[in-house]
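# Provided below for reference: sequence and predicted model.
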Amino acid sequence: MTRGCRPQGRVRVGSTFGLCPLRPPGGYLHLVAMFRLQGSKVLAVDMTGDAVKAKNGSMVAYDGQMAFKKLTGGGEGLRGMVTRRLTGEQMTVMEVKGRGTCWFADRASEINLVDLRGDKLYVESSNLLATDAGLRTGTTFTGLRGASQGNGLFTTTVEGHGQAAIMSDGPAVVLRVSAQYPLTVDPGAYVAHQGNLRQSFQSGVTFRTFLGEGGGEAFQIRFEGDGLVYVQPSERNTIAGDL
Amino acid sequence: MGFREMNSKMIEATVVPGQRLYSQRGAMLAYKGEVSFTPNIQGGQGGVMSMLGRRIANEATPLMTVEGSGTVLFGHGGHHIQVIDLTGDTLYVEADRLLAFEGTLQQGTMFLGAQGGVMGLVRGQVTGQGLFTTTLTGHGAVAVMAHGGVFEVPITPQHPVHVDPQAYVAHHGDVRNKLSTALGWRDMVGRGSGEAFQLELSGSGVVYVQASEEKL
């Protein structure tokens, strides 16, 4: 998405159907695989000899010539491999290379396209379906937020110029956060975020919670700064949901 | 006649006297008019021999005959439904994916070994289809169930299509299929990309692929 395409204020952007063409500032330096959505649950990638990284085993069909190769350690080298083992953010990634169209899908999850223009996307490794081969992936510490989401203290980051596809349980809404409009999200419904955002952990625990009369919204994550947050219409099981 | 899609998970069928409909037993959701549902012990068309054939081939899903006049709503298990109109060609589909089909279609069972010999058998085992599959031939509509949405990929002689066996739903047309393997040393040491087996479909026709790797 280009700057001009972004709506002002907090607006539901809807699923980013690749409406705004991807154009890195320096123009196309290399061949870029084109990501497009076919329906809301299938990702089609048109490739002309270039490569994409995708979740292991998520290919459902292809035409043309394709080669599938598992990237040990997510293609991040030995250090990345060790980090992923230690942080529990293992992901099995394969590199798909070839000419033609390749279709990806996973357990009928809804798919959202994310355009990255030098900024960083934070996403759970289990929610990441495919990325452009030119994007760098890594792990980062999330602290209390991760623990409250019920998926560990670490999360996956994707950065660079290109497209990524993330999965959500139900169609995700993209909420914009700006300086005037901070956003608070249920940890169980949070999927991913991108941009320059600070996150803080908010607790609504009162004496009622201890009496077992809490509203089921004991913990929230608050985002401040400038960026986008992806929220799914479904809640994972978290500690916060029980309180 | 034919089927009308109410939404992605429900279809409406019009039943007129003299034209029967077959559907999976228990898939009726609601109906209007005078419609009768009779369990079909034979599990479809043909005589006792066809029944035996299906039993042996393990392609015998409980079917029921729908007759009368009125409209019937069908749906099952919240699965997505794809309506396929056949115009004289043959649809290959697993019996448990069949939700409903018109009586004008000729139902049959095909031995996978008949197409591709031993590789056909291996293919059936790998894809979980077993050794047999169901065929429907003629003119009429078929409602097929799939997990997640279905999308169709056209197959042309110049463009063969490769499909993940678990995501394959059905295909029709003049299509040859074979199992292609991309087994390498990586797979042997448990470091495969998860795409070791693919169905290669070539010829001319259409293949239906679901947005999931889960069986029904």
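Perfect, thanks for sending it.
# shouldn't residue A:125 be in contact with residue A:92?
No: look at residue A:125 against residue A:92 with C-beta atoms under 8 Å: they stay out of range, at 9.5 Å. Heads up, the C-betas are built off the backbone N, CA and C, glycines and all.
# quick one: which of the two has more around it?
residue A:125 (22 against 17; other C-beta atoms under 10 Å in any protein chain shown).
# For the more buried one, give its distance to residue B:216.
28 Å (C-beta to C-beta, to the nearest Å).
# before we move on, what about residue B:94?
Applying C-beta to C-beta to residue B:94 and residue B:216 gives a distance of 8 Å.
# Neighbour count: those two, which is higher?
Set side by side, residue B:94 and residue B:216 show more neighbours around residue B:94, with 22 against 14, by other C-beta under 10 Å.
# is it true that that one touches residue B:133?
Yes: if you go by C-beta under 8 Å, residue B:94 and residue B:133 touch, sitting 6.2 Å apart.
# Helices along chain B, start to end?
Taking DSSP state H, the helices of chain B run over residues B:48-57, B:117-127, B:185-188.
# From residue A:158, how far off is the residue lying closest to residue A:92 once chain neighbours are set aside?
Of all residues not flanking residue A:92 in the chain, residue A:56 sits nearest, at 3.7 Å (C-beta to C-beta, 6 or more residues apart in numbering or on different chains). Distance of residue A:56 to residue A:158, computed by C-beta to C-beta: 17 Å.
# So which of these two has more stuff around it?
residue A:158 (24 against 16).
# Please name the residues that touch residue B:140.
For residue B:140, the contact set (C-beta atoms under 8 Å, 6 or more residues apart in numbering or on different chains) comprises B:1, B:2, B:85, B:86, B:101, B:102, B:103, B:104, B:105.
# With residue B:137 instead?
Residue B:137 touches B:86, B:88, B:89, B:90, B:91, B:105, B:106, B:108, counting by C-beta under 8 Å, 6+ apart.
# Quickly list what it is bridged to.
On the basis of DSSP bridges, residue B:137 is bridged to residue B:90, residue B:106.
# Now do it, the pLDDT please.
If you check residue B:137, the pLDDT there is 92.
# now swap in residue B:22 and tell me
Looking at residue B:22, its pLDDT stands at 90.
# thought it was touching residue B:101?
Yes: look at residue B:22 against residue B:101 with C-beta under 8 Å: they come within range, at 5.6 Å.
# Can you pull out the low-pLDDT segments for chain B?
B:1, B:41-60, B:112-131, B:182-194 (pLDDT under 70).
# show me where it has strands.
Ranges of strands in chain B, per DSSP state E, are B:3-7, B:10-15, B:21-24, B:28-40, B:63-74, B:80-93, B:98-102, B:106-111, B:132-146, B:150-155, B:161-163, B:168-181, B:197-210.
# what's the angle between the last one and strand B:150-155?
Which is strand B:197-210. Here strand B:197-210 runs at an angle of 120 degrees relative to strand B:150-155 (axes from the mean of the first three to the mean of the last three C-alpha atoms, to 10 degrees).
# likewise the second one?
Here the directions of strand B:10-15 and strand B:150-155 differ by 80 degrees (the same axes, to 10 degrees).
# counting contacts, what elements does strand B:10-15 pack onto?
Counting contacts by 3 or more C-beta pairs under 8 Å, 6 or more residues apart in numbering or on different chains; DSSP states H and E, strand B:10-15 packs against strand B:3-7, strand B:21-24, strand B:28-40, strand B:63-74, strand B:80-93, strand B:98-102.
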